[in-house]
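Q: Here is a sequence together with a model predicted from it:
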Amino acid sequence: MEAVTTAQPLAVDQIHTNAILLESGPVTIRYLSDTEEDREFAAKVTIEAFERKVVHATSRGSIPDIQVYYANSLRGRQPTFYERHFIAEYDGQKAGSCVIRYHGDRELFPLRDEDMPPVGCTDMCGLFCMGLAANFEIYIAGKCCVDHIGVNSEFRGKGIGKVLLDMAEIDAKRKGCKAIYLYVATTNRAQHLYERQGYIIKERRTICCCGYWCMTGEREFARMEKILEGDKENC
Ligand SMILES: CC(C)(COP(=O)(O)OP(=O)(O)OC[C@H]1O[C@@H](n2cnc3c(N)ncnc32)[C@H](O)[C@@H]1OP(=O)(O)O)[C@@H](O)C(=O)NCCC(=O)NCCS
């Protein structure tokens, strides 16, 4: 029988739009798309979620430029990149995002000079130091890393974070990962959510007297991990 083509090839910026990957009550999850609206939303929700750390490392005045930087870093990437970024909608309104990474992603999705924000030297230094502090280790082979997760303040406490973590876990299981992990400041109440999802603290990290404090405004971070059934060494 002759093959039938039912759809026109999609434009690059439509490849991942709108397909629902997971649904739970009013919450739906889909991939980030390479559209201005999605990039700006992801940048806003991420920088807002980490605003205290960003302001500590740089300055309040740098926030708009850093948001533009983050949005630029999401532009024109290969399709796999967008499959690592999930957008949560609540009753059809964009509400949160979650980014996962696998071993080798750092090389796959390099930082690009052209995305750098036009901030001053001091802020750039702070940004660099914050990057160093967050640079806990190269993404671990065989494990999925929840690189960051954020929900708009007006939507917090409605179960969106839980569904985003469920989505990350589904993806990690599909890839055969042995575990999924994340880093969280030990003062952050988000730990409650991670514990309910089955993550346990594997280690606590701090560096000398100032260490993470001068870089992020936090003194200690914990690595929390959840064991999955997978057996792939290089998921
Ligand atoms: C953490 C976060 C992603 C959770 O999303 P959410 O949709 O609010 O989560 P849920 O409704 O599924 O679960 C509620 C849990 O989220 C966490 N949470 C809720 N509001 C929070 C806030 N302002 N700051 C930190 N964690 C929060 C708590 O653990 C809460 O459980 P608790 O009420 O028993 O303490 C979201 O609150 C957020 O963006 N917080 C600020 C950024 C942040 O701390 N990100 C995590 C860095 S590791």
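A: Structure's in. What do you need? Everything numeric in this text was worked out from a predicted model, so none of it was measured.
Q: so how far is the ligand from Ala172?
A: According to C-beta to the nearest ligand atom, to the nearest Å, Ala172 stands 17 Å off from the ligand. Quick note: C-beta positions are derived from backbone N, CA and C, even for glycine.
Q: contacting residues for the residue nearest to that residue when sequence neighbours are not counted?
A: Spatial nearest neighbour of Ala172, excluding adjacent residues (C-beta to C-beta, 6 or more residues apart in numbering): Cys144 at 3.5 Å. Contacts for Cys144 (C-beta atoms under 8 Å, 6 or more residues apart in numbering) come out as 100-102, 168-169, 171-172, 175, 177, 179-181, 235.
Q: Could you tell me which of those residues count as buried?
A: Neighbour counting with 16 or more other C-beta atoms under 10 Å marks 100-102, 168-169, 171-172, 175, 177, 179-181, 235 as buried within the contacts of Cys144.
Q: can you tell me which helix or strand the closest residue to the ligand within the chain belongs to?
A: Distances between the chain and the ligand by C-beta to the nearest ligand atom are smallest at Gly161, namely 2.3 Å. Secondary structure assignment for Gly161, by DSSP states H and E: helix 160-174.
Q: repeat for Val45
A: Going by DSSP H and E, Val45 is part of helix 36-49.
Q: interface residues of this protein facing the ligand?
A: Within reach of the ligand by C-beta under 6 Å from any ligand atom, the chain has these residues: 49, 149-151, 156-162, 184, 188-190, 192-193.
Q: Residue ranges in this structure under the pLDDT threshold?
A: Residue ranges of the chain with pLDDT under 70: 1-17, 134-137, 207-211.
Q: Name the residue closest to the centre of it, please.
A: Against the mean C-alpha coordinate of the chain, by C-alpha atoms, centre = their mean, the closest residue is Val99 at 2.5 Å.
Q: Just say helix, strand or coil for the residue lying closest to that one once chain neighbours are set aside.
A: Spatial nearest neighbour of Val99, excluding adjacent residues (C-beta to C-beta, 6+ apart): Asp147 at 4.4 Å. Per DSSP: H, G, I helix; E, B strand; the rest coil, the local secondary structure of Asp147 is strand.
Q: for the one 10 residues further on, same thing?
A: Here Gly157 is coil, with the state taken from three-state DSSP.
Q: neighbours around it, how many?
A: Using other C-beta atoms under 10 Å, Gly157 has 9 neighbouring residues.
Q: hang on, the residue of the chain closest to the ligand packs against Asn152?
A: No - counting by C-beta atoms under 8 Å, Gly161 stays clear of Asn152, with 11.1 Å between them.
Q: who's more crowded, the two?
A: Ranked by neighbour count (other C-beta under 10 Å), Gly161 and Asn152 place Gly161 first, with 23 against 19.
Q: circling back to that earlier point, only whichever of the residues of the chain next to the ligand are buried, select them in ChimeraX.
A: Those of the residues of the chain next to the ligand that count as buried under 16+ other C-beta under 10 Å are selected in ChimeraX with:
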select :49,149,150,151,158,159,160,161,184,190,193
